[in-house]
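Q: Just need the structure, nothing else, for what follows:
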Amino acid sequence: MKQLILLLFFIFSLTLTAQSEGYNGNYEVKYKNNDGSIIEYKINLNSSGSFIFHYYAKHTRSKSPEQNIYGKGKWKADKNIISFIIDEQIDLDDTHILNFRNTKARIDRKSPRNKTPEIIPDLMRFFKSDISLVEGLKLKKIN
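A: Below is the predicted model:
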């Protein structure tokens, strides 16, 4: 009986690490305009299954020059699709206003058939979201 419980615990542990292995990390993209304006999108997928999203914009020709918008919640992976799960009671507050419910992203990786020495970072593509700021966004994995 002890061996069965130990085996089940081991399998469960492998399942948890398999979900986040290779997908967790920091993804971002930065845009800089000639006039000095900056727009940054960042998301951190933690190995614990939580995530933090940050949008930053600094506009040089605007009355409100800086803008920070945040979102947080949980994520899960199914093959190369990342689904975001939000508990509105916990994850939404005055700071974290983006609701990632109904948001999905795909992780694109260098094909194993591609034998070139070129380093191609993983790419997170948001293909479904109720957040216009996020839908269609492409972020590169930086670590």
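
Q: Quick check: Gly49 touching Lys76?
A: Yes. Gly49 is within contact range of Lys76, at 6.7 Å (criterion: CB atoms under 8 Å). (Glycine included, C-beta is placed from N, CA and C.)

Q: So for those two, which residue has more residues nearby?
A: Gly49 (16 against 13; other CB atoms under 10 Å).

Q: quick one: average pLDDT of stretch 54-68?
A: For stretch 54-68, the mean pLDDT works out to 86.

Q: got the end-to-end distance for that stretch?
A: 7 Å (CA to CA, to the nearest Å).

Q: Show me what the one residue sitting closest to the centre of the chain is bridged to.
A: The residue lying closest to the centre of the chain (CA atoms, centre = their mean) is Ile43, at 4.4 Å. On the basis of DSSP bridges, Ile43 is bridged to Tyr27, Phe53.

Q: measure it to Val134 for me?
A: Taking CB to CB, to the nearest Å as the measure, Ile43 falls 9 Å from Val134.

Q: still on that earlier bit, isn't the residue nearest to the centre of the chain up against Leu139?
A: Yes. Using CB under 8 Å, Ile43 makes contact with Leu139 at a distance of 6.3 Å.
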